[in-house]
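**Student:** need a 3D model of the sequence below.
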Amino acid sequence: MEPRQAAEAFSQWAMFEGLMGFTGSLPAPLAPAVAAQIDPVTDAGKNALRTRHVVTVGFSDGDHAIDVFTRRALPVSRKLRALLPNRIDDVMIRYRQGHQTPVGGVEPAAPFAGPSYTIRHSQVHGRDVFACGSSISVGNARDAGTLGCLVRDAAGEIYGLSNNHVSASCSHAPIGLPIVAPGIFDVLPNSLNPFTLGLHARALPMVPGTVDNIQAMDNRDAALFKIIDADVVTSWQGTAYDTPATWQMPVGGMNVEKVGRTTGHTRGVVVSQLNGAFPVAYSAPLYNFTGSVYFDPVFAVVGLGELFSDSGDSGSLVTTVDVAGNRHAVGIVIAGLNDASAPGGKLTLILPIGPTLDALGAQLVSGLNA
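**Tutor:** Just a heads-up that it's a prediction; the model follows:
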């Protein structure tokens with residue numbers, strides 16, 4: 001059985017057994033021949049999953065496994081683990097905590113080390129420039145997120161790319177609103193004077209509602225702001241590496257990196273792709289907006305020995321390096337999941353960057369003011 005099929009089968013079984021919530025009508029029972037491949041199935045195991053609530057199921061082709069994410073962490077005792085399903089056909093079943101952290105409405109975390117931005121000396125112009133992976137925000141709210149990367153549209157205009165919830169206030173920011181650097185939350189004495197980096201230009205759809213009423217695959221937590229002066233910004237991600245010009249789809253088991261406003265340069269691995277549409281809770285207090293937005297596909301990332309991202313890292317560009325040593329963009333950070341077993345106690349949720357670029361009709365900018 002393929003991991004995606006196993007994730008769908010386990011989800012269907014869990015919903016019918018009352019272990020996992022669902023939207024819409026009650027799913028049909030899993031075909032007996034498929035249900036028989038879930039092993040072992042015990043009353044004690046079902047009760048443990050029911051009381052801790054299955055949130056979603058992910059799948060990893062690279063590991064030939066599925067991940068069952070629960071709201072509350074499961075005990076680690078071997079006795080209880082032996083009572084939980086551990087395979088479906090030849091696909092391994094793994095368990096993780098995965099309770100989503102609401103986005104917005106709270107102050108971003110303090111930067112882990114140093115300032116919330118990077119100023120890089122451009123060899124091209126012989127002057128300092130503002131780097132991707134640094135703090136930005138809308139100009140009318142005390143907040144801060146991350147400038148993910150620079151992109152170029154068909155007309156050759158250069159834009160900054162971040163999350164919709166960072167630079168477009170969940171589709172509520174007026175067109176032309178100044179986007180400032182560093183973000184308003186990070187404006188401090190004896191630090192970089194804030195300046196208008198760009199003007200909000202476009203937000204991709206981020207429509208709240210249930211999967212019965214919206215198209216989750218059309219939702220993108222992404223927005224563009226037009227760079228006012230391309231000579232003051234660089235495509236470099238902090239001091240770590242340049243933004244790549246190419247992209248790939250993320251897959252389970254892929255090693256990834258990112259540079260963000262809060263945690264800086266970190267490394268991680270893609271745990272799995274979540275099966276079906278997944279809801280992310282948002283709020284934009286300035287506009288009295290709260291709502292859950294479903295996305296599909298969504299990928300979960302765990303840090304390697306450290307927290308991969310934290311609040312304030314939203315919008316960060318996630319990249320990977322292939323076996324030939326070439327770097328590619330793979331995703332954009334949108335939110336987090338609480339997971340007591342993960343480094344820093346959190347997993348990171350990312351959306352693939354390719355469909356976002358296609359929806360924007362934009363290309364990644366690399367080599368600018370290096």
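**Student:** now residue 176. Nearest residue, chain neighbours left out?
**Tutor:** In this structure, residue 176 finds its nearest non-sequential neighbour in residue 199, 5.1 Å apart by Cβ to Cβ, 6 or more residues apart in numbering. C-beta coordinates here come from the backbone N, C-alpha and C atoms, glycine included.
**Student:** the one you found: neighbour count?
**Tutor:** Here the number of neighbours of residue 199 (other Cβ atoms under 10 Å) works out to 18.
**Student:** which of the helices or strands spans it?
**Tutor:** According to DSSP states H and E, residue 199 maps onto strand 195-203.
**Student:** strand partners of that strand, parallel vs antiparallel please.
**Tutor:** strand 178-181 (antiparallel), strand 223-227 (antiparallel) (DSSP bridges).
**Student:** any idea how far residue 326 is from residue 208?
**Tutor:** Using Cβ to Cβ, to the nearest Å, residue 208 is found at 38 Å from residue 326.
**Student:** next one: residue 363
**Tutor:** Separation of residue 363 from residue 326 (Cβ to Cβ) stands at 17 Å.
**Student:** what of residue 44?
**Tutor:** Residue 44 sits 49 Å away from residue 326, taking Cβ to Cβ as the criterion.
**Student:** tell me the SS of residue 8?
**Tutor:** Secondary structure for residue 8, judged by DSSP: H, G, I helix; E, B strand; the rest coil, is helix.
**Student:** what about the closest residue to it other than its chain neighbours, how many neighbours?
**Tutor:** If you skip the residues right next to it in sequence, residue 8 has residue 275 as its closest partner in space, 6.0 Å away by Cβ to Cβ, 6+ apart. Neighbourhood size, residue 275 [other Cβ under 10 Å]: 25.
**Student:** what's near enough to touch residue 275?
**Tutor:** Residue 275 makes contact with 4, 7, 8, 11, 56, 57, 58, 59, 66 under the criterion Cβ atoms under 8 Å, 6 or more residues apart in numbering.
**Student:** do you know how far residue 58 is from residue 272?
**Tutor:** 3 Å.
**Student:** who's more crowded, these two?
**Tutor:** Remark: of residue 58 and residue 272, residue 272 carries more neighbours, 30 against 26, as counted by other Cβ under 10 Å.
**Student:** for the more buried one, list each beta-bridge partner.
**Tutor:** With DSSP bridges as the rule, residue 272 is bridged to residue 300.
**Student:** from memory it sits against residue 56, does it?
**Tutor:** No - taking contacts as Cβ atoms under 8 Å, residue 272 lies outside contact range of residue 56: 9.7 Å.
**Student:** pLDDT weak spots in the stretch 1-150 of the chain?
**Tutor:** The stretch 1-150 of the chain contains residues with pLDDT under 70 at 23-26.
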